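[1] how would this look folded up:
(4 chains)
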There are 2 protein chains.
Amino acid sequence: MEHRLERIKKQLHSQSYKLTPQREATVRVLLENEADHLSAEDVYLLVKEKAPEIGLATVYRTLELLSELKVVDKINFGDGVSRYDLRKEGAEHFHHHLVCTECGAVEEIEEDLLGEVEKIVEKDWKFQVKDHRLTFHGICKVCQEITVKTGTSK
Amino acid sequence: MEHRLERIKKQLHSQSYKLTPQREATVRVLLENEADHLSAEDVYLLVKEKAPEIGLATVYRTLELLSELKVVDKINFGDGVSRYDLRKEGAEHFHHHLVCTECGAVEEIEEDLLGEVEKIVEKDWKFQVKDHRLTFHGICKVCQEITVKTGTSK
DNA sequence: TATTATTTTGTAATGATTATCAATTACAGA
DNA sequence: TCTGTAATTGATAATCATTACAAAATAATA
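    Numbering: from 1, shown residues only, chains lettered A, B, ... in the order given. Sure, this is the predicted structure:
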């Protein structure tokens, strides 16, 4: 935890940004809630518990900054709200998501599914891939079982 | 063109929706501008040329309806505006996009890149895949050449 | 200490999308 | 054809996430 915070601090300093108390509080919230896909509002409310004087605008700016530094990934599930995921240390890429169309659950996949596909894109379209976003939409394991048992489907 | 319009009309009727003049005008605009990734506002302005009395809300409602019927895909490039792509006839899935981080150009890929990957997801995560969204971010062919020639990179 | 740049805060502004509601239209049945 | 009902539309107000702004606070520099 402290270790990752240290890393992020260095990363900020290397671009002559400061790790202000507000920024630190925001990063800590992200580190403590890594499993969730927090919106800016979510982060704001959580940070406020520890640092009540922080403003919403600052949270937005901090998340934007962390996004530019590739510390977090800004993602979009199409519900009109951006969400922010801390990128795993050393991870080059965004991770993937399985979004259940029945219950809305979101599962993450860390595996590198697209190594081969990227090579194809680079070769066939002469497109130099820097990153990608991959989301699957479908029915999660839990909802499949419910459907089988009750015979219902939305 | 007329053929595809006919198809869409049937699809609407089969769910007891009507193909009103406003809806027809909207679909025609989509058919005539298939290459672009139009926002609701774009569509509105184009429809207005032919049917000046149409309201913005109607365009939004129509696009939402077409999206539910999977006639169009509602996509999001992270710029705060939803865009609407007509789905190719008979296409099961969304197509993919190559978004250039230098110039913002968006290229489409129709190829099925994820057939194998989907099988892996279904098998390893017991997730029943219905659709997917795949976007690559990177540097397009044109911008690569500019970078080589001028030695600049943003 | 004086100066300058960075950051923060609270709030106003923006802009896309959605909700509301009265008016219009389409259509099934008498 | 007339009538009643449901679907649809258009204008506009409301909503909500995000961004812009200006003044105050903070930190860095000389």
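[2] domains of chain A?
    A:1-91, A:94-154 (automatic domain parsing).
[3] Between those, which has the poorest mean confidence score?
    Mean pLDDT per stretch puts domain A:94-154 lowest among those, at a mean of 87.
[4] From the chain's centroid, how far away is that one?
    15 Å (CA atoms, centre = their mean, to the nearest Å).
[5] Name the residues of the helix or strand where residue A:119 lies that come out as buried.
    Assigned by DSSP states H and E, residue A:119 belongs to helix A:115-125. Buried residues in helix A:115-125, defined by neighbour count with 16 or more other CB atoms under 10 Å in any protein chain shown: A:117-118, A:121, A:125. (C-beta placed from N, C-alpha, C; glycine too.)
[6] And these, which is closest to residue A:23?
    Nearest to residue A:23 among those is residue A:118, at 32.8 Å by CB to CB.
[7] The closest one and DNA strand D, how far apart?
    28 Å (CB to the nearest atom of the strand, to the nearest Å).
[8] and that residue, what does it touch?
    A:129, A:132, B:136 (CB atoms under 8 Å, 6 or more residues apart in numbering or on different chains).
[9] how about the strands of chain A, start to end?
    Taking DSSP state E, the strands of chain A run over residues A:38-39, A:72-76, A:82-86, A:96-100, A:106-109, A:128-139.
[10] So which bits of chain A are right by DNA strand C?
    Selection of chain A residues close to DNA strand C by CB under 7 Å from any atom of the strand yields A:16-18, A:20, A:22-23, A:51, A:53-58, A:61-62, A:80.
[11] Among those, which one has the most neighbours?
    Within these, neighbour counts (other CB atoms under 10 Å in any protein chain shown) peak at residue A:62, which reaches 25 neighbours.
[12] Confirm for me that that residue is in contact with residue A:23.
    Yes: applying CB atoms under 8 Å, one finds residue A:62 in contact with residue A:23, separated by 5.2 Å.
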